[in-house]
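Q: Sequence plus predicted model, see below.
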Amino acid sequence: MTEELVTAEKKRTEPALNIGNKIARFRDTTNHKYSRALIEYAVKKGCGTIQMEKLTGITSKSDRFLKDWTYYDLQTKIENKAKEVGINVVYIAPKYTSQRCSKCGYIHKDNRPNQAKFRCLECDFERNADYNASQNIGIKNIDKIIEKDLKKQKSEVQVNENK
């Protein structure tokens with residue numbers, strides 16, 4: 001009798017397991033597809049370094065789709081494929097990349113009035129917010145540039161306050 005119950009339970013849960021396996025295979029295939037396309041493009045353009053955002057905070061602040069996505073797997077696949085062709089991978093801290101104007105360098109939290117839109121308060125440059133942030137992430141030594149931009153803006157504010 002116990003064996004019959006185990007068999008019945010297996011039959012009942014098997015479709016759910018199959019769906020889970022299909023989803024896992026889809027994610028793996030998609031990550032391979034996009035990582036391969038990225039590396040092929042980088043090789044074609046003579047790229048020596050790929051910069052990517054550190055995505056460690058994604059699960060705490062993003063929607064369900066992104067939380068469930070295997071971003072670590074995607075980054076690992078990119079890293080491994082890049083290594084095979086001699087391309088260096090650098091991870092960039094995302095702080096201020098979504099608030100920095102990729103055109104003029106001005107940094108302000110109100111440059112990003114909502115999740116989708118970026119509008120620079122300094123030069124009126126408008127763009128999709130994620131695209132603008134990705135442009136910043138693609139800049140060599142962006143973390144040092146952001147640090148320099150913030151210091152410059154802070155000193156300009158102090159000069160204006162003293163007038």
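A: Noted; the coordinates are in hand.
Q: What residues does the residue lying closest to Cys101 once chain neighbours are set aside make contact with?
A: Leaving aside its sequence neighbours, Cys101 sits nearest to Cys120 (CB to CB, 6 or more residues apart in numbering; 3.9 Å). In this view, the C-beta of every residue, glycine as well, is placed from N, C-alpha and C. Contacts for Cys120 (CB atoms under 8 Å, 6 or more residues apart in numbering) come out as Cys101, Lys103, Cys104, Tyr106, Asn111, Glu126.
Q: can you pull the pLDDT of Cys120?
A: With respect to pLDDT, Cys120 scores 96.
Q: quick one: buried residues of stretch 145-157?
A: Ile146, Asp149 (16 or more other CB atoms under 10 Å).
Q: Which residues does that stretch contact?
A: Lys95, Tyr96, Thr97, Arg100, Gly105, Tyr106, Ile107, Asn136, Ile139.
Q: how does this protein divide into domains?
A: In terms of domains, the chain is parsed into 1-92, 94-163 (source: automatic domain parsing).
Q: what's the spacing between the last one and its chain's center?
A: Think domain 94-163. Computed by CA atoms, centre = their mean, to the nearest Å, the chain-centroid distance of domain 94-163 equals 17 Å.
Q: who's Asn128 bridged to?
A: Lys117 (DSSP bridges).
Q: Distance of it relative to Asn88?
A: Distance of Asn128 to Asn88, given as CB to CB, to the nearest Å: 28 Å.
Q: Run through the neighbouring helices and strands of the longest helix anywhere in the chain.
A: Identified as the longest helix of the chain according to DSSP state H is helix 2-44. Helix 2-44 sits against helix 71-84, with contacts defined as 3 or more CB pairs under 8 Å, 6 or more residues apart in numbering; DSSP states H and E.
Q: What residues sit buried inside the helix it packs on?
A: Tyr71, Leu74, Gln75, Lys77, Ile78, Glu79, Lys81, Ala82.
Q: And stretch 81-100, by the same measure?
A: In stretch 81-100, counting by 16+ other CB under 10 Å, buried: Lys81, Ala82, Ile87, Ile92, Pro94, Tyr96, Thr97, Ser98, Gln99, Arg100.
Q: from those residues, which ones fall inside helices?
A: Lys81, Ala82.
Q: ok, back up a step: what angle sits between the longest helix of the chain and helix 71-84?
A: Angle of helix 2-44 versus helix 71-84, following axes from the mean of the first three to the mean of the last three CA atoms, to 10 degrees, is 50 degrees.
Q: before we move on, back to that, ranking the domains of the chain by burial, who's on top?
A: domain 94-163 (a mean of 15; mean count of other CB atoms under 10 Å).
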